[in-house]
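Engineer: Next comes the sequence, and after it the predicted model I'd like to discuss.
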Amino acid sequence: MSQPMRLAVLITHPIQYFRPVFAELAQQPGLELRVFFGCDHGRRTSLDPDFGVSFAWDVPAHQGFPHAFISHAPLEQLSRLQHAIPLAWKAARAISAWQPDHVLIFAYTPIFISVSTLLLRIRGQLLLLRADGTDRAFPRTWLKSSIKDLVLRLWYRQFCHVFPIGADSDRHFERLGVAPSRRHPVPYAVDVDFFAQQRQHWSPQRLSLRREFGIGTADLVLLWSAKMTPVKAPFLLVEALAALPAAIRRRFWFVAMGDGPLRQPFEAQLKGLLLGRCHFLGFCNQSEIGRGYVMADVLVFPSIQGETWGLVVNEALQFGLAVMASDHPGCVADLLASERAIPSGSAVFPSGDSDAFANALLAFAEAHPEGFSPLPKTDLPHPRDLASTIQHWASHSASTT
């Protein structure tokens, strides 16, 4: 009987979006998995610098698969040279001692991941890469772009196979010389089963929750589910709503899940504009977010920078919501501008264009004079898609090396 292929995974810390992928990988036949976390951020209560609040995930992101923690250091130490290098040495030793056939690296930053990757390659490990590389996340000067391109071309040569996060990411790897035989794009996926349970639990309460907040059946609820930071462009929504005719604007309510440094001015401007027809729920943990999604009709997602994917779009579509997103997030090409069936009224507008955003809101209101009914089901990428693809190409790489 042949021995199962051993796959080690290296990632910075437990992340709720990756838990179902690792759980699916652990179930793949002929594969033995172990996930190595650089630290345990999110497992214990700690401060998130973007949300500005301390929390621990209430749905454990490290359970359901074999794993080990390299350290219990704060997450920020993985980005600090003096701490990251010793932790990388420790990670490389621990992974090599487990004797994997392949090591799957998630991303190529921060420093802890970069140094660990180099050390593992020096030790002769066969490497795979799952990364959200993209050419559009951040604006750069020609010089910085040229230098980064050169570095990444060399960096990507270390990997037997690359798994881009979607079509936009795949174009990035193609441009930088990763041959088609060495890459296979698989879109980002959320925990489909978990959100199906959330929807089943919260959907019967949709009308009562809306009544509790004073929202009528014909009212249209815009949902914000993100950190409130400049790159998410919250004030673009304010500008778009302000541009609407007053009669149309009165039909819109706003519910926000999330927190961040811009919350206070964002909340003040929207409350003044919508005359109280808005509710800021603050940071919502995983078991709570279904309440916000089930009350809403439209996810608004006007990000202008740094959005390599945008997993909240996956979440909103699973609840059957329409989505209004800028054309910046990487998920747009795979989820909103593809042949997938998406809810009526969904729209993609040019990044930073408040007039186009306002026109999308106006069209949505005119198309739904008696209110919006979320779709019963939306076909979305599943974590098992990535798990089975990784297992297939890891096996293929093992047979050809």
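Structural biologist: On my side now, so go ahead.

Engineer: now the helices for the stretch 101-250 of the chain?
Structural biologist: 111-122, 142-156, 167-175, 192-202, 206-212, 234-242, 246-249 (DSSP state H, counting those that start in this stretch).

Engineer: Neighbours of the residue nearest to residue 156 when sequence neighbours are not counted, how many?
Structural biologist: Counting by Cβ to Cβ, 6 or more residues apart in numbering, residue 178 is the residue found nearest to residue 156 once chain neighbours are left out, at 5.3 Å. Placement of C-beta: from N, CA and C, glycine included. When neighbours are counted by other Cβ atoms under 10 Å, residue 178 registers 22.

Engineer: want to throw the helices of the stretch 101-250 of the chain into CSV with mean neighbour count, distance to residue 224 and mean pLDDT?
Structural biologist: Listed next are the helices of the stretch 101-250 of the chain as CSV, based on neighbours: other Cβ atoms under 10 Å; distance: least, Cβ to Cβ, whole Å; pLDDT from 0 to 100:
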stretch, mean neighbour count, distance to residue 224, mean pLDDT
helix 111-122, 20, 30, 98
helix 142-156, 13, 32, 93
helix 167-175, 20, 23, 95
helix 192-202, 16, 18, 92
helix 206-212, 14, 17, 96
helix 234-242, 20, 7, 98
helix 246-249, 12, 16, 96
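
Engineer: would a markdown table of these with distance to residue 332 be doable?
Structural biologist: Converted to a markdown table, those look like this (distance: least, Cβ to Cβ, whole Å):
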| stretch | distance to residue 332 |
| --- | --- |
| helix 111-122 | 27 |
| helix 142-156 | 22 |
| helix 167-175 | 8 |
| helix 192-202 | 20 |
| helix 206-212 | 27 |
| helix 234-242 | 16 |
| helix 246-249 | 25 |
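
Engineer: closest to residue 69 out of the ones you listed?
Structural biologist: For residue 69, the closest of the helices of the stretch 101-250 of the chain is helix 111-122, at 13.0 Å, according to Cβ to Cβ.

Engineer: thinking again about what came up before, which one of the helices of the stretch 101-250 of the chain lies closest to residue 220?
Structural biologist: Using Cβ to Cβ, the nearest of the helices of the stretch 101-250 of the chain to residue 220 is helix 246-249, at 9.5 Å.

Engineer: coming back round to it: where's the residue nearest to residue 156 relative to residue 334, distance?
Structural biologist: Using Cβ to Cβ, to the nearest Å, residue 178 is found at 19 Å from residue 334.

Engineer: Likewise for residue 21?
Structural biologist: Taken as Cβ to Cβ, the span from residue 21 to residue 334 is 16 Å.

Engineer: on that earlier part again, so for residue 302, which of the helices of the stretch 101-250 of the chain sits nearest?
Structural biologist: Nearest of the helices of the stretch 101-250 of the chain to residue 302, taken as Cβ to Cβ: helix 234-242 at 4.4 Å.

Engineer: what are the ranges of the strands in this protein?
Structural biologist: 5-11, 31-37, 46-48, 53-55, 67-69, 102-106, 127-131, 159-164, 220-225, 252-257, 278-280, 298-301, 322-326, 347-349 (DSSP state E).

Engineer: Just put the ones you listed in JSON lines and tack on distance to residue 81, mean pLDDT and mean neighbour count.
Structural biologist: Formatted as JSON lines, those follow (distance: least, Cβ to Cβ, whole Å; pLDDT from 0 to 100; neighbours: other Cβ atoms under 10 Å):
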{"stretch": "strand 5-11", "distance to residue 81": "18", "mean pLDDT": "97", "mean neighbour count": "22"}
{"stretch": "strand 31-37", "distance to residue 81": "20", "mean pLDDT": "97", "mean neighbour count": "21"}
{"stretch": "strand 46-48", "distance to residue 81": "21", "mean pLDDT": "67", "mean neighbour count": "14"}
{"stretch": "strand 53-55", "distance to residue 81": "26", "mean pLDDT": "67", "mean neighbour count": "13"}
{"stretch": "strand 67-69", "distance to residue 81": "21", "mean pLDDT": "98", "mean neighbour count": "16"}
{"stretch": "strand 102-106", "distance to residue 81": "19", "mean pLDDT": "97", "mean neighbour count": "23"}
{"stretch": "strand 127-131", "distance to residue 81": "21", "mean pLDDT": "96", "mean neighbour count": "22"}
{"stretch": "strand 159-164", "distance to residue 81": "24", "mean pLDDT": "96", "mean neighbour count": "22"}
{"stretch": "strand 220-225", "distance to residue 81": "34", "mean pLDDT": "98", "mean neighbour count": "24"}
{"stretch": "strand 252-257", "distance to residue 81": "35", "mean pLDDT": "98", "mean neighbour count": "23"}
{"stretch": "strand 278-280", "distance to residue 81": "38", "mean pLDDT": "96", "mean neighbour count": "19"}
{"stretch": "strand 298-301", "distance to residue 81": "35", "mean pLDDT": "98", "mean neighbour count": "26"}
{"stretch": "strand 322-326", "distance to residue 81": "35", "mean pLDDT": "97", "mean neighbour count": "26"}
{"stretch": "strand 347-349", "distance to residue 81": "40", "mean pLDDT": "96", "mean neighbour count": "19"}
